[in-house]
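J.: Sequence and predicted structure below; questions after.
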Amino acid sequence: MRSDYLLYLLAVVFFIITAVSLAYVMDQVEKSLWVVSTVVLGLFSAGLGYYQRPKAKTAAAPISEAQTAESVDAHVRESHIAESVEKHAEPTAMPVSPSPMPTQVVAPIPVLTPAPVEKSASLESELMAVKGIGEKRAAQLKALGINTLDDLVKVSAEDLAKDLMISPKITRKWVASAKELSK
């Protein structure tokens with residue numbers, strides 16, 4: 001039998017002794033001491049039983065490559081593969097000195113190269129001359145076919161607001177600003 005079950009059973013016995021002593025056995029002075037001590041022992045046994053219970057082991061089932069391919073986007077799958085490669089990368093071998101004298105081991109220092117920064121062509125966009133249109137918004141406008149200030153002047157502010165899911169008040173200011181800049 002598991003030890004936690006035995007401790008729970010012992011706690012139940014102490015609580016039964018407490019109930020019997022309250023009901024029948026002793027006079028008032030001895031009864032209060034007896035009740036307090038059996039309740040404390042019962043609670044202590046229950047606590048030990050809880051502490052001794054077996055812990056639930058959660059084992060993650062390995063995900064097959066077919067499940068991964070179906071349920072995860074390609075870029076997420078690539079990041080998982082990259083993480084697993086990083087976790088399981090082979091350690092670099094330390095050079096061994098032919099000298100019999102012990103030497104201090106010096107670990108090689110990894111060289112970190114900064115990630116290449118992509119330079120966007122939209123930095124020179126004339127749409128960014130309009131107040132409130134930044135690089136991201138200019139890219140969204142270009143995706144809608146608005147490449148120049150003249151294109152922005154010709155478009156309806158309400159339609160543009162619906163396409164970008166923003167307030168028409170903002171797009172009206174953009175169109176007005178574009179009209180002033182194109183003059």
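T.: Thanks, I have it. Residues are numbered from 1 along each chain as shown.
J.: Average pLDDT for the longest helix seen in the chain, rounded please.
T.: Counting residues, the longest helix found in the chain (DSSP state H) is helix 28-52. Average pLDDT, helix 28-52: 80.
J.: what comes into contact with it?
T.: 2-8, 10-15, 17-18, 21-22, 25-26 (Cβ atoms under 8 Å, 6 or more residues apart in numbering). All C-beta spots, glycine's among them, are computed from the backbone N, C-alpha and C.
J.: What's the mean pLDDT across the helix or strand hosting Lys173?
T.: According to DSSP states H and E, Lys173 maps onto helix 168-182. What helix 168-182 shows for mean pLDDT is 91.
J.: who does that helix touch, helix- and strand-wise?
T.: helix 149-154, helix 157-164 (3 or more Cβ pairs under 8 Å, 6 or more residues apart in numbering; DSSP states H and E).
J.: before we move on, back to that, buried ones only from the contacts of helix 28-52, please, as a PyMOL command.
T.: Per 16 or more other Cβ atoms under 10 Å, the buried members of the contacts of helix 28-52 correspond to this PyMOL selection:
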select buried, resi 4+7+8+10+11+14+15+17+18+21
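J.: So for the longest helix of the chain, what gets flagged as buried?
T.: 34-35, 38, 41-42, 45-46, 48-49.
J.: Ala138 touches Leu144, doesn't it?
T.: No - counting by Cβ atoms under 8 Å, Ala138 stays clear of Leu144, with 10.8 Å between them.
J.: So those two - more neighbours on which side?
T.: Ala138 (21 against 13; other Cβ atoms under 10 Å).
J.: So which other helices or strands are in contact with whichever strand or helix holds that one?
T.: Element membership of Ala138, judged by DSSP H and E, is helix 135-143. Counting contacts by 3+ Cβ pairs under 8 Å, 6+ apart, helix 135-143 is packed against helix 157-164.
J.: For the helix it packs on, give me every contacting residue.
T.: Contacts of helix 157-164 (Cβ under 8 Å, 6+ apart): 137, 140-141, 144, 146, 167-168, 170-172, 174-175.
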